[in-house]
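> Got a predicted model here, sequence first, then my questions.
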Amino acid sequence: MKKQTINDKLLESITKATNNFSDTSLDKIILLEISKKLVDYVIEVDSSYTKESGAATSLENDLYHKI
Amino acid sequence: MLIKSIKLKNFQCYYGDKHKINFTEGLNIITGSIASGKSKLFDAFYWVLNDMIFVTGKEWVSTKGLGISLVNDKAKYESQSVDDLIETSVEMVVNTTAGRNSKPIEYTIRREYLISRRSMKDCFDSSTWTTSTSTLTVEYVNQKNSNHEIAQGQEAKEIIENLFPSKISPYIWFQGEALDKLIDFDNKGTLRKAIDYISYVPLYKTMNNIITTVDSKISKSARKQIGKLSGNVKLYNELSRQIEEKNNSIKNNKQLLEDKSITLGERKDQMEEVESALSALAEFPKLSEEKIEINNDLININDELERLDIKERKRFSSLWMLYGTKKSLQTAADRLIEFEDHRQSLISKEYELPEDVPGDVYINKMLKNELCMICDRPAEKDSEAYHNIKAKLNRKIKPEYLTPENEQINTEVLTFKAKLGTLSRNYDSIKSEIIAHKKKLNDLYEERKIFKDKLDSVNDEIDKLYTKRGIDVSEGAKTHRNKHGEYVTLNEVVRNLNRKIETYRASLRDAEMQIAKLESEQSKIQRVNTDVNVVEEEIAKYTKYLANHISDIEEKEYNKLIGHIESDANINFEKITSVNRTIDGKIKIDRETFRVLNVNEEGRELQNYNTGHYTLMKMCIINAIISLTNNYKDESYPFITDAPTSNLDDKATFAYLESISETFVQSIVITKDISEDEIEEIKQKKYISSLFFLKIKNDTGNEKMNRKEAYSTITPIKN
């Protein structure tokens, strides 16, 4: 069995949390995609925290285009 | 990550360059009797990475402090001429495991130390050699361009930090004796740092920061769009402006809060370091003060002795002399008495009248009565008879020695005799005064001896402390004073920081409440066109939702991890304690203080556990942390330990070894707890992948091992 990576584990915890999400008319899959994107950015910035604001801007753009 | 091999050249007791160990996955055991080179091998692992080793009694000593003791004695002894160069080196090859986006890399880490001979004096004397600093190189193949790279200095250090992060390395490198120094579980930060490292807690923080930034940007943009659709654009925009202002203040305060929290963490770490330095130095001021006190007491005693011995002696010298004349004066007094007796006898003799002559008194009476009282005949005045009687008066002439001059001398002699009498009565008081003085002197000498003994024992302790720590007592006491000053300052800084942090938190709460109020006012303003869908508004729902949930996940993840550490540690603890009936209870990590406790089934702390017991609990937690790092971070670290089991009995030792063979992908255990005749039996144990035996030998056949010829050897038994 493939060992769970940080990415997998983060996403898993977010998936568990989003199961309760009902406060929107938007598709839950989109929310998960956003979460996945978020996790990817976090992994990207893990090596250097200074990249945070750049990652946040890209994430914001992604979020905007997703919807 | 795996350690593939280690190669030693002239390192401490390892002579020459033929010492190489190839390690395998699983449990690698290196065993040998006392002084066979086990700890030196552990030192080699530590030295190649950190440029220092742990010396019992001195703690961590750098290469500079170690000097030529790092270099093999036989190699030094065999040096024949001036300018001879001896190379000491340790080379370790490690393989990283493949990561998410990376291939495995092989790193060859090498540290080298050179000494050259300056003179032909004693080869074991450090002044005979010129030493240098050690050099570190790390060789590897760059994954990006396939180039063979050699990193040196800072670059090499960074690679090592990457391979063995300092937050986790105390759990990887573990020497039985240094356990308490390496991992102080009483220090709240120790476990917290390990948890931060192995868990995603810092990642959640980053995630939170990103989503919060996104949320504030999206919300700002959403308000802008909704504002355009508002029935009261002016009021809506004014409220938005105020919200933005509050958001900026929150952002600033959060930044300040984070900065201050980081500073607080750093200061607390510093404080803990200072605290442990203070407790490590505690003996110095105590001994130093004791020494000063005893020296002061000795000075006082010596002053008093000087006063009694020199100043009072002057006074006593006359008394002494006087007392010394006692015998002569006594003789003189006796002689005077004899003289007096003699004189009296002479006087009596001279005054003795013939038997027929009456004395002058009688004669005067006869003259007065004009009658001879001898023949009873009258002797009228101026008669012949009267004159005859009168002629008998003053018939004796006084002797010469009763002349007025001699009588004067006699008077003087009598006075002198009287004075001698007085003097002899005073002799007793002189004697008691002298005895009292002598006693006082003796008492003081006795007291001085006691204080000198005390000083000797304090000096002994100081010497012992110097041997143990290599620090002079006054220097240690001075450092303690400085550290205490540092502690007081840091304490004040921490208090101020806590106050500031509390203020920022209050402002944050305040700003958040005000934003909620402003937003509610905004929501009351009707929109002109309710059909227009504002996409930013929809996104903002997600970002807010995610921001809240990620905070929750962070909290839960953190608590879950402590639970994991605790339960993993208990699995090992139970395995080991099941073969050792003297140990019971369970491991519990106090969630508030991070202290490691031994509790009973009801969770109450047990009181009767000993050092061995506590060491075992710590080791189980270390195992749990390392094995969880493997699970959580998808990174495995080798576990390298020297004398981990010295506090355990045989059964518990093997249970412990078996448990670590299950916990770690690779472990290297250096131990004396397997004797030479147990080796064959141990070799058969499945959970042991490799077994090496260390022995000290020489090439001369001498039974007695001499530092000039003896060296350690490594024999693979199972590999």
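Arrived safely.
> residues in contact with the closest residue to residue B:25 other than its chain neighbours?
Of all residues not flanking residue B:25 in the chain, residue B:666 sits nearest, at 5.4 Å (CB to CB, 6 or more residues apart in numbering or on different chains). Any C-beta I mention is one placed from the backbone N, CA and C, and that applies to glycine too. Shown in contact with residue B:666 (CB atoms under 8 Å, 6 or more residues apart in numbering or on different chains): B:2, B:3, B:23, B:24, B:25, B:26, B:28, B:636, B:638, B:639.
> May I have the beta-bridge partners of residue B:666?
residue B:26 (DSSP bridges).
> and the gap between it and chain A?
Per CB to the nearest CB, to the nearest Å, residue B:666 is found 17 Å from chain A.
> What of residue B:307?
The gap separating residue B:307 from chain A is 74 Å, by CB to the nearest CB.
> tell me the contacts of that residue?
By CB under 8 Å, 6+ apart, the contact set of residue B:307 is empty.
> try residue B:32
B:38, B:672, B:693, B:694, B:695, B:712.
> among these, which are in strands?
B:693, B:694, B:695, B:712 (DSSP state E).
> just the buried members of those residues?
Buried by 16 or more other CB atoms under 10 Å in any protein chain shown: B:693, B:694, B:712, out of these.
> Verify the stated contact: the second one with residue B:713.
Yep, that's residue B:694 we're talking about. Yes: at 7.1 Å, residue B:694 and residue B:713 qualify as touching, with contact defined as CB atoms under 8 Å.
> Remind me what the host helix or strand of residue B:462 packs against, helices and strands.
Using DSSP states H and E, residue B:462 falls within helix B:404-469. Contacts defined by 3 or more CB pairs under 8 Å, 6 or more residues apart in numbering or on different chains; DSSP states H and E place helix B:404-469 against helix B:283-306, helix B:312-324, helix B:326-351, helix B:473-524.
> same thing but 7 Å
helix B:283-306, helix B:312-324, helix B:326-351 (3 or more CB pairs under 7 Å, 6 or more residues apart in numbering or on different chains; DSSP states H and E).
> and the ones you listed, which one's lowest on average pLDDT?
Mean pLDDT values for the helices and strands packed on helix B:404-469 show the minimum at helix B:312-324, a mean of 75.
> pull the CA atoms of that one into CSV?
Extracted in CSV, the C-alpha atoms of helix B:312-324 (Å, rounded to 0.1, in the frame of the first residue of the first chain):
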residue,chain,number,x,y,z
GLU,B,312,50.4,39.5,74.1
ARG,B,313,53.6,37.6,74.2
LYS,B,314,55.4,40.9,74.9
ARG,B,315,53.3,41.4,78.0
PHE,B,316,53.7,37.8,79.0
SER,B,317,57.5,37.8,78.4
SER,B,318,58.0,39.8,81.7
LEU,B,319,55.6,37.6,83.5
TRP,B,320,57.4,34.6,82.0
MET,B,321,60.7,35.9,83.1
LEU,B,322,59.4,36.7,86.6
TYR,B,323,57.9,33.3,86.8
GLY,B,324,61.3,32.0,85.7
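> one step back: quickly check the contacts of residue B:32 for the two that are furthest apart.
Using CB to CB, the contacts of residue B:32 span at most 13.5 Å, a distance reached by B:672 and B:712.
> distance of residue B:681 from residue B:208?
55 Å (CB to CB, to the nearest Å).
> how far away is the residue sitting nearest the centre point of chain B from residue B:640?
By CA atoms, centre = their mean, the mean C-alpha position of chain B lies nearest to residue B:280, the distance being 2.8 Å. Separation of residue B:280 from residue B:640 (CB to CB) stands at 25 Å.
> now swap in residue B:230 and tell me
Distance of residue B:230 to residue B:640, computed by CB to CB: 67 Å.
> Please say which of these two ends up with more neighbours.
Comparing residue B:230 with residue B:640 by other CB atoms under 10 Å in any protein chain shown, the one with more neighbours is residue B:640, at 25 against 20.
> what's the helix or strand hosting that one in contact with?
Following DSSP H and E, one finds residue B:640 within strand B:639-642. For strand B:639-642, contacts defined as CB atoms under 7 Å, 6 or more residues apart in numbering or on different chains pick out B:38-39, B:42, B:45, B:172-176, B:626, B:660, B:664, B:667-670.
> of those residues, closest to residue B:121?
The nearest one, if we look at these relative to residue B:121 and count by CB to CB, is residue B:39, at 29.5 Å.
> Neighbours of the closest residue to the closest one other than its chain neighbours, how many?
Excluding the flanking residues, the one nearest residue B:39 by CB to CB, 6+ apart is residue B:642, at 5.8 Å. By other CB under 10 Å, 26 other residues sit near residue B:642.
> Then residue B:53?
Residue B:53 has 24 neighbours, counted by other CB under 10 Å.
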